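Visitor: fold the following.
(one chain, ligands or ions: 1)
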Amino acid sequence: MLVNMRDLLADAQEGNYAVGSFSVANMEMVLGVLKAAKELKAPVILQIAEVRLKQSPLEIIGPLMVAAAEAADTPVAVHFDHGKTLEKIGQALDLGFTSVMFDGSHLELDENIAMTKKVMEMAQDYDAAVEAEIGCVGGSEDGSEDIAINCTKLEDAVRFETETNVDALAIAIGNAHGNYKSTPKLRFDILEEVEKNTDVPLVLHGGTGITPDDFVKCSHTGIKKINIATATFDMVENTVHKCYNDGGINGYYDLQAAEVEGAYQNAKKHILIFGTDNKA
Ligand code: 13P
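Guide: Take a look at the predicted model:
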């Protein structure tokens, strides 16, 4: 069923786990993620980022994501990831997304706070949740930019929460989008301080390549939403590749099944690590 992300994250805070937020680009990925969620009785979040809309137009994939969530057996929130323009954020809200992110991480803190508040006003009319970001997660969602990591400052997190009361806050603790060049060293000292001094559910972007141990540690230290994108795309592509090599693809529908399988395996793996199984 389609649910508000706020409720999923509140349950995660109470249950001491994190919810996987899986980026999707087409129907096959949506089906794969929801198959894993159903099998493991897990709540999940389906998301798409604004930079990906050139490949998957919002007016087409948005209704598909919402319809799939409505028909799902477990609680599913539909989230607009890395919203950059008020126009697209408004469109996602109109389409029934139950949460939107405003990514003002590149702005001065004052401006980020002001813009986040504006998005919260927009979202209020739909009772949708809002995620914001402070500090800079490295890389970029579609790999087009190599943004330097700039770890979140504790005082900024406290101020941001107090002034906005935002539903979820993405922080930068050494994490980056895309495949890491070397194993990331997350700044758990920063995460612990932010968790201790705030109540807002925290979000970890750049989930691909983070070790299972670090995921678990994050999920026990205030991180309640973990974004996974590249791992899904890679697993879908690799599964298709392998099926071709093994002679398992004879025609289009075998190709489609291989895509669903890749997204399913990837979501299943992460749901088990995040501890979201049997939480629906
Ligand atoms: P990865 O592509 O590194 O998994 O990052 C996903 C993400 O944070 C999307 O917002």
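Visitor: now the helices for the stretch 101-250 of the chain?
Guide: 109-124, 154-164, 188-197, 212-219, 230-245 (DSSP state H, counting those that start in this stretch).
Visitor: tell me if the fourth one is near the ligand.
Guide: No: residues of helix 212-219 are not located near the ligand by CB under 6 Å from any ligand atom, the shortest gap being 11.7 Å. Where C-beta positions appear, they are placed from N, C-alpha and C, glycine not excepted.
Visitor: that helix to helix 188-197, inter-axis angle?
Guide: 20 degrees (axes from the mean of the first three to the mean of the last three CA atoms, to 10 degrees).
Visitor: max-length helix in this protein?
Guide: The single longest helix within the chain, with elements called by DSSP state H, is helix 252-274.
Visitor: rebuild the helices of the stretch 101-250 of the chain as JSON lines, extending it with distance to Ala257 and mean neighbour count.
Guide: Below are the helices of the stretch 101-250 of the chain laid out as JSON lines (distance: least, CB to CB, whole Å; neighbours: other CB atoms under 10 Å):
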{"stretch": "helix 109-124", "distance to Ala257": "37", "mean neighbour count": "17"}
{"stretch": "helix 154-164", "distance to Ala257": "44", "mean neighbour count": "16"}
{"stretch": "helix 188-197", "distance to Ala257": "39", "mean neighbour count": "16"}
{"stretch": "helix 212-219", "distance to Ala257": "28", "mean neighbour count": "18"}
{"stretch": "helix 230-245", "distance to Ala257": "8", "mean neighbour count": "18"}
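Visitor: does stretch 157-176 reach the ligand?
Guide: No: applying CB under 6 Å from any ligand atom, one finds stretch 157-176 out of contact with the ligand, separated by at least 6.9 Å.
Visitor: so how far is that stretch from its chain's centroid?
Guide: Mean C-alpha position of stretch 157-176 versus that of the full chain (CA atoms, centre = their mean, to the nearest Å) differs by 15 Å.
Visitor: contact residues of this structure facing the ligand?
Guide: The chain has residues 23, 49, 81-82, 141, 177-178, 205-208, 227-231 near the ligand, with proximity defined as CB under 6 Å from any ligand atom.
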